[in-house]
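Student: Based on what follows, work out the 3D shape:
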Amino acid sequence: MKKINYKTLLSATLDNFKSDGFYREFTPIIRQVESFPLTKVKFPAVKDKPKTELKIWCTNDYLNMSHNNQVIETMVEVIREVGTGSGGTRNISGTTPFHQNLESDLAKFHNREAALIFTSAYNANQTAIWTICKAFKNICVFSDELNHASLIQGIKNSNSECKIFKHNNL
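Tutor: Residues are numbered from 1 along each chain as shown. Here you go, the predicted structure:
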């Protein structure tokens, strides 16, 4: 039996991945409160590259709330009180009054019985689809081929039957 050198195999695979243009390099940016959406790009490891500025028009920072002074001050107050990090998910480490108050405020604002916050829209989509699919026996999901990955993952997690159709062509 021939011995496989996995280090060489993985190195060659990575080299092919890079040469085919699939290697992802993240752009190091500094999102500054006072200049959003103008952002500074930093290249700390590259001495010859100057700092450049660019505009970030794609963001999940809906309504730019992460730069709102009231939001920032409230977050600083909470961090001083409880520290940073949760120590785990809510179902493991417990929830906080901050989560409960936000959910209560959201429910009231939207005139609903209750609200549930998630760590991201991705997690909300994935969990909602998975939960809905699990609630119905023998459900078959029809999914657009260009659906967001969060929806696709929710369907996969549910183990439901799925029919994929061409984009916008049910």
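Student: Give me the domain ranges for the chain.
Tutor: The record's domain split for the chain, according to automatic domain parsing, is 1-84, 95-170.
Student: which of these sits most buried?
Tutor: Highest mean neighbour count among those (mean count of other CB atoms under 10 Å): domain 95-170, with a mean of 13. For the C-beta atoms, the positions are set from N, CA and C on the backbone; glycine is no exception.
Student: on that earlier part again, mind telling me which of the domains of the chain the model trusts least?
Tutor: Least confidently modelled of the domains of the chain is domain 1-84, at a mean of 83 by mean pLDDT.
Student: so how far is that domain off the chain centroid?
Tutor: 13 Å (CA atoms, centre = their mean, to the nearest Å).
Student: what about the strands in this structure?
Tutor: 29-31, 38-41, 52-55, 140-144, 161-165 (DSSP state E).
Student: In JSON lines: these, plus distance to Tyr23.
Tutor: Conversion of the strands of the chain to JSON lines gives the following (distance: least, CB to CB, whole Å):
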{"stretch": "strand 29-31", "distance to Tyr23": "19"}
{"stretch": "strand 38-41", "distance to Tyr23": "19"}
{"stretch": "strand 52-55", "distance to Tyr23": "21"}
{"stretch": "strand 140-144", "distance to Tyr23": "29"}
{"stretch": "strand 161-165", "distance to Tyr23": "28"}
